[in-house]
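**Student:** Task: produce atomic coordinates for the following.
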Amino acid sequence: MNTNVNDQMKNEEKNKLVKEIVARHMHSKGALIPVLHEVQESYGYLPDEIQEKIAKEMNISKSEVFGVISFYSHFATKPAGKYKISVCMGTACYVKGAGAVLDKLKETLRVKVGQTTEDGEFTLEECRCLGCCGLAPVLTVNGKVYGRLTIDDVDTILESYKKDGGIA
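**Tutor:** You can find the predicted model right below:
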C-alpha cells in the first residue's frame, strides 16, 4: 500500500512540474520544443506517460508530441546511463577510423548503439558531427571531447569513468 501512495505522490509531482513548464512556454510560438527540452532536463528522458501529460496540457495530440520527439535525436524516450558516450560518425571522423572506435566500444560495453549497459553506467550513441573535424575521430562523454582517437584509447577512457564513478 505504501508503494501505491508513493507512486501517486510521484505522479502528482510529475503532473505539477509538467503543468508549470507548459505554462511558462504556452504563449510562445513553437512552444513544444522548449517544453520537451525542459521536461527532459528535469526527468532525463521523455517516457510515454510524460508525453501524454505534455499533449494533454498543451491541448495537442500525443502523435504530434511523439513526432517531434522521434524527429530530433536530442530527445530520448528511454533513460540514459550515467555516462552518455557519443561517437561522431561525420565524414572526417568516419574516414579517420570512428567506425573502429565505435565497434570497440560496442564490444567492450556489450551494447548496441542506442543501448545502455546493464549496470546503467554507459549509454552508447552515434552522432553525425560534433564540429571537431580537426580532431577526428572524436567522441564525447557527457559533453567532454576526446579527439585523435584510436581503438587503444577506448579502454583508457572507459576506465577513467569507471574509477571516477566508483564502479571499477
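**Student:** When you work out contacts or count neighbours from here on, use the C-alpha atoms and nothing else.
**Tutor:** OK.
**Student:** is it true that Leu102 touches Val87?
**Tutor:** Yes - applying CA atoms under 8 Å, one finds Leu102 in contact with Val87, separated by 6.5 Å.
**Student:** Met26 against Asn59, yeah?
**Tutor:** No - the criterion here is CA under 8 Å, and Met26 misses it with Asn59 at 10.3 Å.
**Student:** Domain-wise, how is this structure divided?
**Tutor:** The chain is divided into the following domains under automatic domain parsing: 2-71, 83-164.
**Student:** pLDDT of the first one, averaged?
**Tutor:** Domain 2-71 shows an average pLDDT of 88 in the prediction.
**Student:** can you give me phi and psi for Thr140?
**Tutor:** Main-chain dihedrals, Thr140, degrees, to the nearest 10: phi -120, psi 150.
**Student:** Could you pull up the residues touching it?
**Tutor:** Under the criterion of CA atoms under 8 Å, 6 or more residues apart in numbering, the neighbours of Thr140 are 84-87, 146.
**Student:** Just give the nearest non-adjacent residue to it, would you?
**Tutor:** Of all residues not flanking Thr140 in the chain, Ser86 sits nearest, at 5.2 Å (CA to CA, 6 or more residues apart in numbering).
**Student:** Sheet-wise, list the partners of the helix or strand that contains the one you found with their directions.
**Tutor:** Taking DSSP states H and E as the definition, Ser86 sits inside strand 83-88. Sheet pairing of strand 83-88 (DSSP bridges) gives strand 122-127 (parallel), strand 139-141 (antiparallel).
**Student:** would you list those strands in TSV and tack on distance to Gln40 and mean pLDDT?
**Tutor:** Converted to TSV, these look like this (distance: least, CA to CA, whole Å; pLDDT from 0 to 100):
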stretch	distance to Gln40	mean pLDDT
strand 122-127	16	95
strand 139-141	19	97
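**Student:** just the domains of the chain: most buried one?
**Tutor:** Of all those, domain 83-164 carries the top mean neighbour count, a mean of 17, counting by mean count of other CA atoms under 10 Å.
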